[in-house]
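A.B. asks: the amino acid sequence is not available; the structure is as follows:
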């Protein structure tokens, strides 16, 4: 017969193992499964359930037209209004909704329209490796789907316009890998090479190019608030050598979409963004203002980088839904956001 102390030791071992197993299971498999609405469609396709978001390929196409107008027709940059999409389409992501066990209401599904992506056939012969009639430098902040689409749309449309005019363009395509020092170096290199135009993708890249030259035309894309960023004097009259395409989203509509998705007005929304991104700060201010106007409760959580995602979800674990604006750091880590949310 076992002694009482042996039995106690066995029971303690069993209890410790059960607790350890439970903690391990929670840490590796338990998800938050919080509905997420993203500021832009590409990120929403990875980790969100629905949004009114701009199409970044289409924005790039519009920027390509602006660049062609400048290069081929001598358009005055200082008088070219900043363009933005006045009516972004509603898209849903039923795959993510199913993964987190969320049913998208029929009222939302009924509003979804088809793919709004413009059909532009790239003319490869109009883009040459050297010796083109024009040289365009492209400065992209970081690689992720939305910014990549802005780059592709720009090049596709510029090639079409060049081919139609019987001209060619040499494109110097550079990526700053998310580093401001790289932004500055690349912008200054383009200036020293005397490129005919600089196309910038994202706010900090655009600011670097604008600081590097007051003579070479700069056309930006994926900049949420170009006035606040110091790139233009106003949306209608830029007033200098910089203009472009804003990716401003209908933040108020996106916040109201959360209420419609949840089917109630008494909600708490987590506002998740990268603290160092001015474009994200601007949208979070708009989101907070709209939440206050509508009586929605909100919890703001800023991160420094993707290493903060797990802690961000811990801080927001009790919210009804999460809103993420157009944010380059979070967009580049959309798969990580989704993985943490579902407990992957």
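C.D. replies: Happy to help now that I have it. Since we're looking at a predicted model, the values are computed, not measured.

A.B. asks: residue 294 reaches residue 255, doesn't it?
C.D. replies: Yes. Residue 294 is in contact with residue 255 according to Cβ atoms under 8 Å; the separation is 7.4 Å. Where you see a C-beta, it was placed from the backbone N, CA and C, and this is true even at glycine.

A.B. asks: mind checking how far the helix or strand harbouring residue 151 is from the chain centre?
C.D. replies: Assessed by DSSP states H and E, residue 151 sits inside helix 145-164. Relative to its parent chain, helix 145-164 has a centroid offset of 18 Å by Cα atoms, centre = their mean, to the nearest Å.

A.B. asks: now do stretch 311-319
C.D. replies: With Cα atoms, centre = their mean, you get 21 Å for stretch 311-319.

A.B. asks: check stretch 259-268 too.
C.D. replies: That offset, for stretch 259-268, works out to 24 Å (Cα atoms, centre = their mean).

A.B. asks: can you pull the buried residues of that stretch?
C.D. replies: Across stretch 259-268, burial judged by 16 or more other Cβ atoms under 10 Å covers 259, 260, 261, 262, 267.

A.B. asks: list the contacts of the last one.
C.D. replies: Remark: with contacts taken as Cβ atoms under 8 Å, 6 or more residues apart in numbering, residue 267 is in contact with 258, 259, 296, 297, 320, 321.

A.B. asks: mind checking how far the nearest residue in space to it that is not next to it in sequence is from residue 101?
C.D. replies: Leaving aside its chain neighbours, residue 267 sits nearest to residue 320 (4.6 Å; criterion: Cβ to Cβ, 6 or more residues apart in numbering). Using Cβ to Cβ, to the nearest Å, we find residue 320 at a distance of 14 Å from residue 101.

A.B. asks: residue 340: how many residues sit nearby?
C.D. replies: By other Cβ atoms under 10 Å, 20 other residues sit near residue 340.

A.B. asks: quick check: which element contains it?
C.D. replies: Assessed by DSSP H and E, residue 340 sits inside helix 334-342.

A.B. asks: contact partners of that helix?
C.D. replies: Against helix 334-342 from outside (Cβ under 8 Å, 6+ apart): 31-34, 36, 38, 42-43, 46-47, 96, 99-100, 144-145, 306, 309-310, 313, 324, 330, 344.

A.B. asks: drop anything exposed from these.
C.D. replies: Going by neighbour count (16+ other Cβ under 10 Å), the contacts of helix 334-342 have 31-32, 34, 36, 38, 42-43, 46-47, 96, 99-100, 144-145, 306, 309, 313, 324, 330 buried.

A.B. asks: sec struct for residue 130, please.
C.D. replies: coil (DSSP: H, G, I helix; E, B strand; the rest coil).

A.B. asks: list the contacts of it.
C.D. replies: Residue 130 makes contacts with residue 170, as judged by Cβ under 8 Å, 6+ apart.

A.B. asks: got it, and residue 43?
C.D. replies: Residue 43 touches 145, 146, 324, 326, 330, 331, 334, counting by Cβ under 8 Å, 6+ apart.

A.B. asks: hang on, residue 150 packs against residue 64?
C.D. replies: No. Residue 150 is beyond contact range of residue 64, at 9.8 Å (criterion: Cβ under 8 Å).

A.B. asks: among these two, which residue is more densely surrounded?
C.D. replies: residue 150 (32 against 28).

A.B. asks: now the closest residue to that one other than its chain neighbours: how far from residue 236?
C.D. replies: Of all residues not flanking residue 150 in the chain, residue 60 sits nearest, at 4.0 Å (Cβ to Cβ, 6+ apart). Distance, residue 60 to residue 236, by Cβ to Cβ: 22 Å.

A.B. asks: same question for residue 51.
C.D. replies: For residue 51, the distance to residue 236 equals 27 Å [Cβ to Cβ].

A.B. asks: what's the strand or helix carrying residue 289 packed up against?
C.D. replies: According to DSSP H and E, residue 289 maps onto helix 278-294. Using 3 or more Cβ pairs under 8 Å, 6 or more residues apart in numbering; DSSP states H and E, the elements in contact with helix 278-294 are helix 251-262, strand 268-274, strand 297-303.

A.B. asks: distance between the helix or strand just after the last one and the chain's centre?
C.D. replies: Next helix or strand after strand 297-303 toward the C-terminus (DSSP H and E): helix 309-315. The chain centroid and the centroid of helix 309-315 are separated by 20 Å under Cα atoms, centre = their mean.

A.B. asks: now do the helices in the chain.
C.D. replies: Ranges of helices within the chain are 4-29, 41-47, 56-73, 94-99, 106-109, 145-164, 180-192, 203-212, 251-262, 278-294, 309-315, 328-332, 334-342, based on DSSP state H.
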